Structures are given as C-alpha cells and as structure tokens.
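# Quick one: sequence and predicted model below, then my questions.
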Amino acid sequence: MFRDSHLPKEGFAVPDHSRFRTGLSAPVGAELTAFDLPVTGRVPVELNGRYLRNGPNPLGLDDPGSHWLLGAGMVHGVRLRDGRAQWYRNRWIRSRDVAAELGQPWPGGPVHAGEDTAPNTHVLRHAGRILATMEGGPLPYELSEELDTLGACDFHGTLRGGFAAHTKADPRTGELHAVAYFWSWRRVRHLVIDASGKVVRSTDVPIPDGPMMHDFALTERYVVLFDLPMTFSKAAVAAGERLPYTWNPGHQARVGLLPREGGAQDVRWCEIEPCWLFHALNAYDDGDRVVVDVIRYARHYDIAAMDGPGPVALERWTVDPAGGRVTARQLDDRPQEFPRVDERVVTRPHRYGYSAVVGELNRATLSLDGTFADAAFGDSLLKHDFAAGTVEAHRLPRDAMAGEALFVPASADAAEDDGYVLAFVHDPERGAADLLILAAQDFTGDPVARIHLPARIPLGFHGAWLPDE
Ligand SMILES: [Fe+2]
C-alpha cells in the first residue's frame, strides 16, 4: 500500500479518518493469551484446529490521517481441540515499524519497494506456512502456530513485486492463486504458487490508470479480473490521502477472463456498467460461459470514506466471452458483505454461500457518536441456498455485531453443507467477543457453542480455519 513516507510532509490538510477508530472498530491495546476458555454449549469434537482472523489494529493513534484499511494487522486466534477451546491469542504482526513501536527486534525478511506494512486483511495457510496478507504492495508475513511473527515471505525468493490480500486455493491442484497490484504499476499480476510454496507462474496483464483490485475469482479454466473505476490518484496523494484511490468515471469498468495457462493477449474483456465490488463469492465454468457471484455496490464508491450512495446486493454475473457481454441477476437485495463458500468448492459450482448483513444500523445515529465503521457490519449472518433459492438469517442479539462468517466442513469428505459456521461476534453484555459456532444445517437455531473470549475484538476482515494436519 502507498506509504506515508511518499507523502508531502507539510502544507496539506490531512483527511481526518478518526471515525474509523471508535466504537467497535477501535483498536485494542494489549496482546493476550488465555487458556481453557469458558464455553456456552459444546465445542464440536470434529473441530480440531485453529480459527484465525486478521484485521486492522493501528498503533499510531496520533496520526489522524491513518485510514482504517491501513492499520497495522492483528491476528486473533482460537485453538480448538478434543471438544475444548484451548486458547485465545491476539498478536500484532511484527513489521519493522510495529516491532519498533513495541520495542522488540524486527524478525526481518524481504521487503518489496519499501512497503513494509503489517498485513491486516487476510490470513491463510499454504504449503505449511501461515501467512498474513494485504494488497497493494506489502509482502505477506509468516506466523507461527501461536501467532508469533516469523518474518516476511517472498515464497522462497520466487515472488517479484508485492502480493495480494485475497487468494484462491484450487482444491484440485493444490495451487494458490493471487492477483497483485501496486500503485506505480500499469498492470496487474496473476500469480500461481504451487503446492511446495514457490511461485511457478507470473503473468502481467496491462491495465491503464492503476485500478485497485481487492479480489478476483477463479474457475477451472479462468482467472476472473474485476477492472473497476477505482484508480490511483496523484491528486489524492497531494491532498494527503493515505489511501489515494478515487472514483474515476473515465475508467471503463470491465470483467476480464484470463485463461489460467494464457497470457495477457488472451484476456477476454467484457465491459460493464460502472460499479464497485470488494468481493466475489465464487465462480465456475458453465459451458463456454463463466458464472461469478459478487457483492455489487451500485454506482460510485468512496474508498477514503468507505461509503457509497447506492444499494449493495448479491448478484450472479454470467460472463459470455464470445459475445463480450456480462448479464447480471440479483440473488438477494439485502446489503451484505464478506461472502464465503465452502473452500472445497472454489472454482466449481457452489450450492451454498454465507455472508454478513451490513449497514442495517442507522447511519445518522452512527455519525452522532462517530462509530462510522460499525455501519459496515450488522447483526445478522446469512446462509444462501442457491439451488432452493432461499436465504436463512441467523439474527444475533442486539448490538452483537458480526463480520465474516466462515464455513468449516465437519470432515474432509463431508457434504457441502455438512459442517459449522464460525464468526467472531461482539457480546455487548460482557463488552468482549465470543467465537460463535453455528451448525450449518441448523443455521437459524441456537448456536452449538459460544466461546467466551477475554477481550473485545475490533471489527476486522478475513479469516481461515486451519485444521490440524
Ligand atoms: Fe476482502
């Protein structure tokens, strides 16, 4: 991501993003380790592993310009084993700056173009390494199973340039796919990391204006690129914006299909109406066409303010590369975010999907007490059955805000919906977080377990379930 050191030091009014640091998005100030956590209900004995989730937890609170999306990453983790919640840990990722702030040695490792930000967006495991990731330039940082930072990762020296927040693991090949972008590039880079953890394919796709590309999708044949009118802005840099990407009406919105074994010349671009999206749920091939489900923000979006005027809805896009067309069909008009599927169906047709309702709170009330970022989160989790055309909502208690909900299969060969849905939710009674465990096939029923954590977890981004190997 664009570093503060590139910015003009004086003479500009730095935008005030302090609203991102209040309420449930406010950072926590301590790293905790707690064992044998109290549980209401029962922890499923099938769940042996770690649930990890990343999110911003800024250290530099004296900087009013710091953007929520740029805060130093903190990973929260809960260890489940033999029906017990063995521990909770939360740890900042030790980039050089974070280590210095904490008065500790920096674990070291490679740095891309001076972009040493503690990655705050996602966490995954690939080729035996646990990695915290972020888009826009920084390299991932590797973590231990106890969430200690081991150092920055360039995939054994095989990665050129920066990495990405979102990745797709192909369950068939064991490959990890990513699409990287960087403010000074006029291209995006599709990366394939093999099952041994090395970059084995790197394909640059030229794109003008330097668009932000937060997520992508993957089918058995294609990498699906979302080239949208949110582009790097020198004017925003000059204005002191830490996240200098702005809505650019002059940039044609389009969806690109890059054949997985192809080059930039093989991309089939299909123009679409201007819109914004952070996330795709999943994608798959349907004959010669590609189906991709996305959370679409209609009309323009303001990434600096994290706000847009239009509705947010789940849509199914059918991309017809022969005709150069994308047709959209609304699947659910509830505003929602953080879409996830069972990781085992990535690249193939999915029947089920999970997401979180967003923006249900009264924005006027929020602006009064300043907890703006809370509006990005809501009080219900959703389960979609796309075959039946139904949606179930698990309503949380009042003020129990939830973010991403993650499906975890009951076993490696369980059916698509046979498992659990995990999410951190805020418990307003205790002023602390619970790890909520729902039975996916009894989604609206009482939780299977609520694991009571010793502290609040700030609203954050994405997570992963790492089963014991
Ligand atoms: Fe994301």
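Done, it's in. This is a predicted model, so every value here is computed, not measured.

# CA only for contacts and neighbour counts going forward, please
Will do.

# low-confidence ranges in the stretch 351-469 of the chain?
Confidence mapping of the stretch 351-469 of the chain against pLDDT under 70 gives the ranges 359-377.

# Likewise for the chain?
Along the chain, segments meeting pLDDT under 70 span 1-21, 61-62, 64, 309-310, 359-377.

# Now do the helices in it.
Ranges of helices in the chain, per DSSP state H, are 96-101, 234-238, 363-369.

# Now do stretch 242-250: distance to the chain's middle.
20 Å (Cα atoms, centre = their mean, to the nearest Å).

# no no, stretch 343-352
Distance, centroid of stretch 343-352 to centroid of chain: 18 Å (Cα atoms, centre = their mean).

# just stretch 187-206 next, same as before
19 Å.

# separation between the spatially most central residue of the chain and Ala405?
In the chain, the C-alpha closest to the average C-alpha coordinate belongs to His462, at a distance of 4.2 Å (Cα atoms, centre = their mean). Distance, His462 to Ala405, by Cα to Cα, to the nearest Å: 9 Å.

# Need the overlap of contacts for these two.
Phe338 (Cα atoms under 8 Å, 6 or more residues apart in numbering).

# Now do the same contact list for Ala423.
Counted by Cα under 8 Å, 6+ apart, Ala423 has contacts 402-406, 435-437.

# The closest residue to it other than its chain neighbours: neighbour count?
With Cα to Cα, 6 or more residues apart in numbering as the criterion, Ala423 has its nearest non-adjacent residue at 4.7 Å, and that residue is Ala405. Around Ala405 there are 30 other residues, counting by other Cα atoms under 10 Å.

# so Ala405 makes contact with Arg340?
Yes - using Cα atoms under 8 Å, Ala405 is in contact with Arg340, at 7.3 Å.

# list residues touching both of the two?
Both Ala405 and Arg340 are in contact with 354-355, where contact means Cα under 8 Å, 6+ apart.

# quick one: buried residues of stretch 37-45?
By 16 or more other Cα atoms under 10 Å, the buried positions in stretch 37-45 come out as 37, 39, 43-44.

# same question, stretch 461-469
In stretch 461-469, counting by 16+ other Cα under 10 Å, buried: 461-467.

# related to what we said a few turns ago, show me what contacts the residue nearest to Ala423?
338, 340, 354-356, 381, 421-424.

# Tell me which of the residues you listed fall in strands.
Using DSSP state E, the subset of these located in strands is 338, 340, 354-356, 381, 421-424.

# Let's see if you can find the most crowded of these.
Phe424 (30 neighbours).

# hang on, the earlier thing: I'd like the contacts of Ala405 laid out as CSV, including distance to Val188.
Listed next are the contacts of Ala405 as CSV, based on distance: Cα to Cα, whole Å:
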residue, distance to Val188
Phe338, 23
Arg340, 24
Tyr354, 28
Ser355, 27
Ala356, 29
Leu381, 33
Val421, 33
Leu422, 33
Ala423, 32
Phe424, 33
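
# I'd like to know which of those residues is nearest to Gln441.
Checking these against Gln441 with Cα to Cα, the nearest one is Val421 at 9.6 Å.

# Skipping its backbone neighbours, what lies nearest that closest one in space?
That would be Phe407: by Cα to Cα, 6+ apart, it lies 4.4 Å from Val421.

# residues contacting that neighbour?
Counted by Cα under 8 Å, 6+ apart, Phe407 has contacts 340-342, 354, 419-422, 440.

# what about it, distance to Val319?
27 Å.

# quick one, phi psi at the residue nearest to Ala423?
Torsion angles at Ala405 (phi, psi; degrees, to the nearest 10) stand at phi -110, psi 130.
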